[in-house]
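S.K.: got a predicted model here, sequence first, then my questions.
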Amino acid sequence: MKLDVIGKLVTLSEREAGELRDVAAADAGRSTTRRDLSLLLERGLRTKTTLALNRAEARELADLLATGAFGSNLALLQEALLSALEDSQQ
């Protein structure tokens, strides 16, 4: 699965994307953006298309990654997200 994070492409394995979706879904009651993120990841896994994340979704994904609730090493995704968010503010 590919994520378009504010113009930067990031590739995730199906396992990584599924893990992100599961954690986002489990925490969907926290915010509507997190719920939307889980639904977006679900659609991406189902359709195998590139998902374009807006700034709010990218920020929510970065916050989710910061919780450290993952078995996968998603450091590269976290780095790409932070870089894209910084670039979008300039």
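M.R.: Noted; the coordinates are in hand.

S.K.: buried ones in stretch 6-15, by neighbour count?
M.R.: 6, 8, 10, 12 (16 or more other Cβ atoms under 10 Å). From N, CA and C alone the C-beta is placed, and that goes for glycine too.

S.K.: what's the burial count for the residue nearest to Leu45 when sequence neighbours are not counted?
M.R.: Excluding the flanking residues, the one nearest Leu45 by Cβ to Cβ, 6 or more residues apart in numbering is Ala17, at 5.5 Å. Around Ala17 there are 21 other residues, counting by other Cβ atoms under 10 Å.

S.K.: sec struct for Ala17, please.
M.R.: Secondary structure assignment for Ala17 (DSSP: H, G, I helix; E, B strand; the rest coil): helix.

S.K.: can you pull the contacts of it?
M.R.: 1, 41, 44-45 (Cβ atoms under 8 Å, 6 or more residues apart in numbering).

S.K.: name the member of the residues you listed with the most neighbours.
M.R.: Per-residue neighbour counts (other Cβ under 10 Å) across the contacts of Ala17 peak at Leu41, which has 26 neighbours.

S.K.: good, we can wrap up now.
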